[in-house]
Each structure stands twice: as structure tokens, then as C-alpha cells.
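A.B. asks: sequence plus the predicted model coming up.
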Amino acid sequence: MSMAVACLNCGLPYPEKGAPYKCPDCGGVYDFAEPLTLEHQHPAADRLVSLGEGNTPLLPVKVFDREVFFKCEYLNPSGSFKDRGTSTLVSFLLSRGVTEAVEDSSGNAGASFAAYAARAGIKARIYVPDSASGPKRKQIEAYGAELIPVPGSRLNASQAVMQAAESGMVYASHAYMPFNLPGYAACAYEIFEQLGRAPGALILPAGQGGFLLGIARGFEALWLADKIRKVPVIIGVQAAACPPLFALWKHGRLDDVQDSPTIAEGVRNRWPVRAQAVVEITRRSGGRFVAVDEKFILSGRDSLARLGFYVEPTSALVWRALEELISILPDPVVVLLTGSGLKYTALGHKLRFFRRWKA
């Protein structure tokens, strides 16, 4: 069955034609009007655009004197978890007859959208911060998408793409559009099947928080179907250089948060679109947010690499959170590794920061 999508502000349903990223009447954000269910199918499920996403390994490893399960989402087709949501989002666009679309990204979402747009025959234009790592930019272009580097922060890229959207382009936003969330929920079902039970706790990076929100809704769907007795405790991890979700969880506000450069580029997002929903569902699970200082990020990446997991710095945030909280988290603990280390070039980042400092 398909489920209704409506504006969270005015309640109007998503239009039957077109693909607006926000409510044309009031500018509100769209979301599913009812909780996800296990029977829920995406509105475009009759023609799913796929590159073979999902079915990623869940591997047990002894760390910090505990058995921890690592979910290798970086082994998805474009090298990140984004593929799960992009598959369902692009399927929706295709069902609406979209042939050209724009997106903004720090790298992984753009690479994923470029890949699935190529698969669907949709012409893509991706706006990225000029600090985005070189491999991600090359990957976007390799799929045939047009790459638009935007000077400044992640926010600047978002503002640039919205100008394109105001001119009439379809904005295939992984932040505003809700159609990627069922794709992320499928990861929860997959973890449940692989473990044979619900995790006691989940640890994952969070920027916009869409992956966290989708997975949490997936486990709530399992709970509503009486498949599990309790949803897992969810731990969202941010970089301390830009921790809006952490700030909202801890202080109840978003207006006094720093937006500093971080090597965990994938979670640098000053104004998460669904911040309230992400924090609320995390609280409901009994979970929390953790903000990780820069000095711990690369050492976390190296620790994961020595276990055989080669991930980018954004994914490596989870190591510090695991180290801090492992003694209080219920078993089994599942850690999501979200992006491949092949997407990151430290030298490129150092050169860009040096140029800015010299300027």
C-alpha cells in the first residue's frame, strides 16, 4: 500500500502532479502523514530504480571488551548509505516524469544522486561546497552529472540550489523530500533479519539526520507489527565543529551553534531540515547525541581501518562515541559505517584550508 504525504505546516496533501520539494501554498516541509508500516511501499514501487543497494554485511568484532556489530553501509553501489534513500527518491521522480533535476550535497548524496539519475535517464546538476573532497567530485562527474562548486560553507551550496529551484528546476532534495525515508527504513528491517532480533543500541553519524530518522521509523514499524519488544537506543554522532542536532537535544535550541570547518564534511550542516523530528525520535528511543572533537576523528578512522573497515572521516565519528558509551549501551550494539574511505583525500582538504587561510 502507498501512504499519503502531506505538509507538516498546513496539512495539504502532496500534489498529484509535479515534484515540489516544499509546499507551494505555505512553504512547509512534506512528510508521511502516518507511521511507516512493514507493508508500506514507496509511491513509485512499481518501477524501482536500483543499482543493487542494500544487503550490506553486518560483522561482529570484539572491541572494548564487547562484541559489537559493524554494518558496512559504505559497500553500497556508490560507496555510501545514501543509495538506499536515493533509490526510492529517484523512483518517485521517475514516476512523476522528471527528466532533469538539481541537488546539493557535501559529496555522498550528490554522488549517489548522480549515479541513480544516470540509471534512470535523468539529467542531474549537483551543487557542492568547494571544500568537498576531490574523489567525491570526480565521482559525481564520472556519472555524467554537471558539477557546480560553490565557494563557502554547505549552507552556501543549499542557497545556490534553491535559486535554481526558484527558476523552475526540480529540486531533488534528500533533506526536504521525504521519499528517501522508506529506503532508509529498509536498513532497519535488514539489521533485524541479520541479527535475528532487534539491536539494543545503534550508533550512526548524523548531519541532516535523514538516515537516523528513516532507520528509527523502520524499527518503530517493526515494533508496531509486534516483531520486536523494544526499539533500539539510538546514538546520533556529530562533529563538535558543527553540532546542531546535539545542541537541540542538549539545550533545546538551534540558534547558537558554531559552523566551523571539519574533516567530517558529511555531517557539517548548520540547519537540518527535520531537526525536531530527528531529535524527538532519538529521545523516544532513550538515546542521545554525541559531539566529537576534531582531534579524535582521524584516530577513530585509523582504529576502524586496523579492524579492516576503511571509511571516511565522517563515518569514523562513531568510534569515539562507541568508546565513550560502550559501557552503558545494551547488547547487541550495532555501529553503522556510512561512507567509504576511498572518497576522502586529506591532502586536498589541507590545500583548500591553506588557501582560505592565506586569503
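C.D. replies: Nice, thanks for sending it over. Numbers count the residues shown, from 1 in each chain.
A.B. asks: pLDDT below threshold where in the stretch 251-359 of the chain?
C.D. replies: Applying pLDDT under 70 to the stretch 251-359 of the chain picks out residues 345-359.
A.B. asks: which residue ranges of it form strands?
C.D. replies: Ranges of strands within the stretch 251-359 of the chain are 288-292, 333-337, based on DSSP state E, counting those that start in this stretch.
A.B. asks: save those strands as a markdown table, and put in mean neighbour count and distance to residue 5 too.
C.D. replies: All C-beta spots, glycine's among them, are computed from the backbone N, C-alpha and C. As requested, these are arranged in a markdown table below (neighbours: other Cβ atoms under 10 Å; distance: least, Cβ to Cβ, whole Å):
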| stretch | mean neighbour count | distance to residue 5 |
| --- | --- | --- |
| strand 288-292 | 22 | 27 |
| strand 333-337 | 25 | 26 |
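A.B. asks: those: which one's closest to residue 231?
C.D. replies: Closest approach to residue 231 among the strands of the stretch 251-359 of the chain is made by strand 333-337 (12.5 Å; Cβ to Cβ).
A.B. asks: let's see that closest one as CSV, backbone CA atoms only.
C.D. replies: Extracted C-alpha coordinates of strand 333-337, given in CSV (Å, rounded to 0.1, in the frame of the first residue of the first chain):
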residue,chain,number,x,y,z
VAL,A,333,25.3,-2.8,19.7
VAL,A,334,25.2,-2.1,16.0
VAL,A,335,27.5,0.6,14.5
LEU,A,336,26.7,1.9,11.1
LEU,A,337,29.7,2.7,8.8
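A.B. asks: who touches it?
C.D. replies: 58, 66, 68-74, 81, 187, 191, 195, 199-205, 211, 215, 232, 304, 309, 311, 315, 318, 322, 326 (Cβ atoms under 8 Å, 6 or more residues apart in numbering).
A.B. asks: who's in contact with the closest residue to residue 162 other than its chain neighbours?
C.D. replies: Once flanking residues are discounted, residue 162 sits nearest to residue 171: 7.1 Å by Cβ to Cβ, 6 or more residues apart in numbering. Residue 171 makes contact with 21, 101, 102, 103, 161, 162, 164, 165, according to Cβ under 8 Å, 6+ apart.
A.B. asks: if I look at the first one, how far off is residue 11?
C.D. replies: This means residue 21. Distance, residue 21 to residue 11, using Cβ to Cβ, to the nearest Å: 18 Å.
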